[in-house]
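Engineer: generate coordinates for the sequence data below:
(one chain, ligands or ions: 1)
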Amino acid sequence: MPTVLITGANRGLGLEFARQYAGEGWRGVATCRDPDGAAELRGLGGVEVHALDIDDFSAIDRLAADLADTPIDLLIGNAGVYGPKGCALDDVDYHAWARVLHTNTIAQMRLAQAFLPHVSAGQGKRIAVLTSKMGSMADNGSGGSYIYRSSKAALNAVMKSLSIDVASRGIVVLALHPGWVRTDMGGPHGLIDPPESVTGMRRVIADAGLRQSGGFFDYRGAEVPW
Ligand SMILES: NC(=O)c1ccc[n+]([C@@H]2O[C@H](COP(=O)([O-])OP(=O)(O)OC[C@H]3O[C@@H](n4cnc5c(N)ncnc54)[C@H](OP(=O)(O)O)[C@@H]3O)[C@@H](O)[C@H]2O)c1
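Structural biologist: Here you go, the predicted model:
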């Protein structure tokens, strides 16, 4: 069966990805910052849990080395942060901004880079990152949210370049908007629940080929304008 590596798999969308892929018999390599506190994840059959804070690039490299003999069919860069809520024009926390860019943008690149050999060795050859419509210029009708919006817009740019650079290896790179989902980040007023979002994203990932690589899609497969 194929192998999927998922970051931030202890709760929210990451946990649901792990549950659904494991439920279909995939081998799950799930990472989270605190495996001891991830009882639900550890309780899933067929999922091995590794400690990983994606902000720690040495830890990313160590995990990649530990898994050197493991081909990965699908790498899901799911872990992410929203940063400080609000972030209006007169209330920008520049230190927090740098930290969010590190997690949501730069660490996603480092992860993809570190695991390129594993993905190249897999049959599936897919990399998917969880971005957001909030990173879309075309969709920005309400302003504000400088930190989160810019981190996801930058992530989109990074994934577009990556898709071009790895096309010759047959690797498909996707930027996915999960919808507004009821998780800790999305809050209780989200429009959909994690099973619906993840079921949709899994279909988008499964259906994608090199023609879709470098694209920005929502969980229903609709292209999101940049
Ligand atoms: N929910 C939505 O409506 C929505 C909409 C658009 C995009 N997204 C994106 O979807 C992804 C998942 O969101 P979610 O709703 O599931 O969020 P969530 O419930 O807040 O979960 C976020 C996950 O990311 C992990 N994480 C954060 N920083 C990390 C780090 N430095 N190293 C390792 N793990 C880290 C968290 O781990 P800890 O438990 O250790 O904090 C947690 O597992 C994110 O990239 C988010 O931006 C979500």
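
Engineer: which bits of this protein sit near the ligand?
Structural biologist: 7-8, 10-14, 32-34, 53-55, 78-81, 103, 130, 132, 177-178, 180-181, 183-186, 190 (CB under 6 Å from any ligand atom). Using the backbone N, CA and C atoms, a C-beta is placed for each residue, glycine as well.

Engineer: tell me where the protein has helices.
Structural biologist: Under the criterion DSSP state H, helices of the chain are mapped to 12-23, 39-42, 57-66, 94-101, 107-114, 116-121, 146-165, 194-207.

Engineer: mind putting the ones you listed into TSV with distance to Glu223?
Structural biologist: TSV is the format used below for the helices of the chain (distance: least, CB to CB, whole Å):
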stretch	distance to Glu223
helix 12-23	20
helix 39-42	32
helix 57-66	30
helix 94-101	25
helix 107-114	20
helix 116-121	23
helix 146-165	12
helix 194-207	10
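
Engineer: now those in CSV, with mean neighbour count?
Structural biologist: Listed next are those as CSV, based on neighbours: other CB atoms under 10 Å:
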stretch, mean neighbour count
helix 12-23, 23
helix 39-42, 15
helix 57-66, 15
helix 94-101, 14
helix 107-114, 20
helix 116-121, 18
helix 146-165, 20
helix 194-207, 19
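
Engineer: export those to TSV and tack on mean pLDDT and distance to Arg220?
Structural biologist: Output for the helices of the chain, formatted as TSV (pLDDT from 0 to 100; distance: least, CB to CB, whole Å):
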stretch	mean pLDDT	distance to Arg220
helix 12-23	98	15
helix 39-42	98	26
helix 57-66	98	31
helix 94-101	97	27
helix 107-114	98	23
helix 116-121	98	25
helix 146-165	98	18
helix 194-207	98	5
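
Engineer: many thanks, I have nothing further to ask.
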